[in-house]
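K.L.:
Sequence and computational prediction follow.
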Amino acid sequence: MQWRLFATLAEAAGEAEAAVPTEGEVTLREAFDALLETHPSLEPEVFDEEGHLYDHVRLLVDGSDPFATGEGWDTTVDGDTELALFPPVSGG
């Protein structure tokens, strides 16, 4: 499974695209846990002290917010799913 990481998250992981080991269909949470297992430096960048995803971090599944349009962490993903993780972005 492939994750696309942007800005400071790519810097924390040391790469902009991260391949993680999963087999077949998994939940988004399982895919996210696999990402954190292979790139533990991301954990403090994406989770607060209580283990919740920071409000300012955006996680997209095939270009959509799974918490708004999908089943949240229970959204099913596979090797063909486009997964992306964004830190806060500001313009100027």
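P.N.:
Here it is on my side, so go on. Residues are numbered from 1 along each chain as shown.

K.L.:
Output the below-cut-off pLDDT ranges for the chain.
P.N.:
Regions of the chain meeting the criterion pLDDT under 70 cover residues 89-92.

K.L.:
how close does the spatially most central residue of the chain get to residue 55?
P.N.:
Centroid-nearest residue in the chain: residue 85, 4.4 Å away (criterion: C-alpha atoms, centre = their mean). Going from residue 85 to residue 55 by C-beta to C-beta, to the nearest Å gives 14 Å. Every residue, glycine included, has its C-beta placed from N, CA and C.

K.L.:
Please, which helix or strand holds the residue nearest to the centre of the chain?
P.N.:
Counting by DSSP states H and E, the element that carries residue 85 is strand 83-86.

K.L.:
Output the contacting helices and strands for that strand.
P.N.:
Judged by 3 or more C-beta pairs under 8 Å, 6 or more residues apart in numbering; DSSP states H and E, the packing partners of strand 83-86 are strand 2-5, helix 7-13, helix 28-38, strand 58-61.

K.L.:
Measure how far the third one is from the centre of its chain, please.
P.N.:
I take that to be helix 28-38. When distances are taken as C-alpha atoms, centre = their mean, to the nearest Å, helix 28-38 is centred 8 Å away from the chain's centroid.

K.L.:
helices or strands next to that helix in the packing?
P.N.:
Contacts defined by 3+ C-beta pairs under 8 Å, 6+ apart place helix 28-38 against strand 58-61, strand 76-77, strand 83-86.

K.L.:
And the last one, by the same measure?
P.N.:
With contacts defined as 3+ C-beta pairs under 8 Å, 6+ apart, strand 58-61 has these neighbours: helix 28-38, helix 66-69, strand 83-86.

K.L.:
Turn these into JSON lines, including distance to residue 16.
P.N.:
As requested, these are arranged in JSON lines below (distance: least, C-beta to C-beta, whole Å):
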{"stretch": "helix 28-38", "distance to residue 16": "13"}
{"stretch": "helix 66-69", "distance to residue 16": "21"}
{"stretch": "strand 83-86", "distance to residue 16": "10"}
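
K.L.:
okay, these, which one's buried deepest?
P.N.:
Neighbour counts (mean count of other C-beta atoms under 10 Å) averaged over each of these peak at strand 83-86, with a mean of 19.
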